[in-house]
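Undergrad: my questions concern the predicted model and sequence given below.
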Protein chains: 2
Amino acid sequence: MAVAAPLQSDTPNDPPSKRSAILEGATRVFLASGYGPASMDSIAAEAGVSKQTVYSHFGSKDALFEAMVRQKCDDLTSPMADSEIRGDNPEEVLIGLGRRFMELVLLPAHTRLFRAIVAESERFPELAEGFYRAGPRQGADQLAEYLAELDRKGTLRIPQPKASAELFFATMRADLYMRSILALSEEPDTDEIDQQVTLAVAAFLAAHRTT
Amino acid sequence: MAVAAPLQSDTPNDPPSKRSAILEGATRVFLASGYGPASMDSIAAEAGVSKQTVYSHFGSKDALFEAMVRQKCDDLTSPMADSEIRGDNPEEVLIGLGRRFMELVLLPAHTRLFRAIVAESERFPELAEGFYRAGPRQGADQLAEYLAELDRKGTLRIPQPKASAELFFATMRADLYMRSILALSEEPDTDEIDQQVTLAVAAFLAAHRTT
DNA sequence: GTCTATAAAAGGATAGAC
DNA sequence: GTCTATCCTTTTATAGAC
């Protein structure tokens, strides 16, 4: 009897060892230097395989970049997408959500991925759209549902839940995110994050209170 | 008697025709394709000069990129920096400010410049910092002064003017800016901008009202 | 499938004439 | 200062052996 095949995040039924090694090497090299400066030679070296092996698995540099971005988008957005937005106290819920969001998007991996996608957004429009859908769009839609519920219950006054959800995440990002993607403050600082989250949530609640 | 020398935005006293032609060509090529893919050959061709002339003026591709970015940062931030924030009705003032801000940052030229800076922020940290200072930082500080004044007058309750100013611009950008830098919606749409500005200003006023 | 070796092209930078 | 022509390195991609 065959035991269950190991679950790897590859295209279906592939002996994944080499393929995922290449993908990991590509991730390191692409995210370290961006698409242009990353050479197929260094990716092959980083993955511990020959260059030809890279080509037989992915065909071209473009295709490898696309595969890498798609996988990283999954990795970096699923923690948010999978987590439920639930709780009794809206303030606590929003603060918790904001913290998780900030800790995720301020990760160096996310920052570097975002830079690469932005840089290549005109050459790879499908990648940019995939990121937007899986990230900002999905997050805002998910929050919008919760906000609509608060509005129905009368807890807060939120006539345009989708727009308010977008505003919420925008106030979270604000200056910290801008500085992060501009590489002006590499490591996320927990105190600064908490301060930003608290302030933004307070502003959000004040803007949407019923009284 | 010598007449007044023509005022060109070059380094002091240079016969500017060729130099500014190169700078304009470099702007077009760099902003069209980003730093990496832009070749010195195409820049020279775009400027209508030989490659050697480009090198005798700017020395290297890096230096040319830096010069281009600095000039474009000036061009694209001075309209905001030079305009006064003044008026009797805070709502009108903020809506006007928001509109000008959005119309500026959604310009294709700004979007492309921002992408290039973000992409190269690790290789050219001084450029990223220059952009941040002249753009987001300067804008927030300028608005913060106005907000502090409103707080002193008692018009609005704004205990942390700097943080509130950052929040203001963040809510302006929100989804429209994200989509713009991801190249998902190239041209700015006036109606969408107005809608975003109105909504964000309303939220800002509600969050900071005194009652 | 995987490796070594090579082809073929592009691009940054420079030499030398005028 | 400006142009033409050239050097030399890097890099994507492929050929061919095992």
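TA: Perfect, thanks for sending it.
Undergrad: what helix or strand is the closest residue to residue A:117 other than its chain neighbours on?
TA: Distances taken as CB to CB, 6 or more residues apart in numbering or on different chains put residue A:131 closest to residue A:117, at 5.1 Å, once the chain neighbours are dropped. C-beta: built from backbone N, CA, C; applies to glycine. Assigned by DSSP states H and E, residue A:131 belongs to helix A:125-132.
Undergrad: what's downstream of that helix, the next helix or strand?
TA: Per DSSP H and E, the helix or strand that comes after helix A:125-132 is helix A:138-153.
Undergrad: if we go by neighbour counts, what in the next helix or strand after that following helix is buried?
TA: The C-terminal neighbour of helix A:138-153 among helices and strands, as given by DSSP H and E, is helix A:161-181. Of all the residues in helix A:161-181, those buried under the rule 16 or more other CB atoms under 10 Å in any protein chain shown are A:161-181.
Undergrad: next one: stretch A:195-202
TA: In stretch A:195-202, counting by 16+ other CB under 10 Å, buried: A:196, A:197, A:199, A:200, A:201.
Undergrad: identify the farthest-apart pair in those.
TA: Spatially, the most separated pair among the buried residues of stretch A:195-202 is A:196 and A:201, at 9.5 Å (CB to CB).
Undergrad: mind checking the end-to-end distance for stretch A:29-37?
TA: With CA to CA, to the nearest Å as the measure, stretch A:29-37 spans 9 Å from end to end.
Undergrad: average model confidence for it?
TA: In this model, stretch A:29-37 has an average pLDDT of 96.
Undergrad: low-confidence ranges, chain A, go.
TA: A:1-16 (pLDDT under 70).
Undergrad: what parts of it come near DNA strand C?
TA: Applying CB under 7 Å from any atom of the strand, we find that chain A lies next to DNA strand C at A:18, A:49, A:50, A:51, A:52, A:53, A:56, A:57.
Undergrad: of those, which qualify as buried by neighbour count?
TA: Buried among these by 16+ other CB under 10 Å: A:18, A:49, A:53, A:57.
Undergrad: in helices only, show me the residues you listed.
TA: A:18, A:53, A:57 (DSSP state H).
Undergrad: returning to what we had before: out of the buried residues of stretch A:195-202, which one sits closest to DNA strand D?
TA: Lowest distance from DNA strand D to the buried residues of stretch A:195-202 (CB to the nearest atom of the strand) belongs to residue A:196, with 38.2 Å.
Undergrad: and that closest one, what element?
TA: helix A:190-208.
Undergrad: could you list the domains of chain A?
TA: Here the domain parsing of chain A from automatic domain parsing is A:16-59, A:68-207.
Undergrad: and the ones you listed as CSV, adding distance to DNA strand D?
TA: Shown next, in CSV, are those (distance: least, CB to the nearest atom of the strand, whole Å):
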stretch, distance to DNA strand D
domain A:16-59, 4
domain A:68-207, 13
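Undergrad: could you export the ones you listed as TSV, including distance to residue B:32?
TA: Shown next, in TSV, are the domains of chain A (distance: least, CB to CB, whole Å):
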stretch	distance to residue B:32
domain A:16-59	14
domain A:68-207	9
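Undergrad: please name whichever of those is nearest to residue B:114.
TA: Across the domains of chain A, closest to residue B:114 is domain A:68-207 (CB to CB), at 8.1 Å.
Undergrad: on the three-state scheme, residue A:63 is what?
TA: Here residue A:63 is helix, with the state taken from DSSP: H, G, I helix; E, B strand; the rest coil.
Undergrad: that one: neighbour count?
TA: Neighbourhood size, residue A:63 [other CB atoms under 10 Å in any protein chain shown]: 12.
Undergrad: quick one: contacts for it?
TA: Neighbouring residues of residue A:63 by CB atoms under 8 Å, 6 or more residues apart in numbering or on different chains: there are none.
Undergrad: measure it to residue B:205 for me?
TA: Remark: distance between residue A:63 and residue B:205 (CB to CB, to the nearest Å) = 50 Å.
Undergrad: swap in residue A:183?
TA: Distance from residue A:183 to residue B:205, by CB to CB: 34 Å.
Undergrad: higher neighbour count, the two?
TA: More crowded of residue A:183 and residue B:205, by other CB under 10 Å: residue A:183, with 22 against 14.
Undergrad: go ahead and confirm the more buried one touches residue B:131.
TA: No: if you go by CB atoms under 8 Å, residue A:183 and residue B:131 don't touch, sitting 11.2 Å apart.
Undergrad: excluding chain neighbours, what is closest to residue A:139?
TA: What sits nearest to residue A:139 in space, not counting adjacent residues and going by CB to CB, 6+ apart, is residue A:80, at 5.7 Å.
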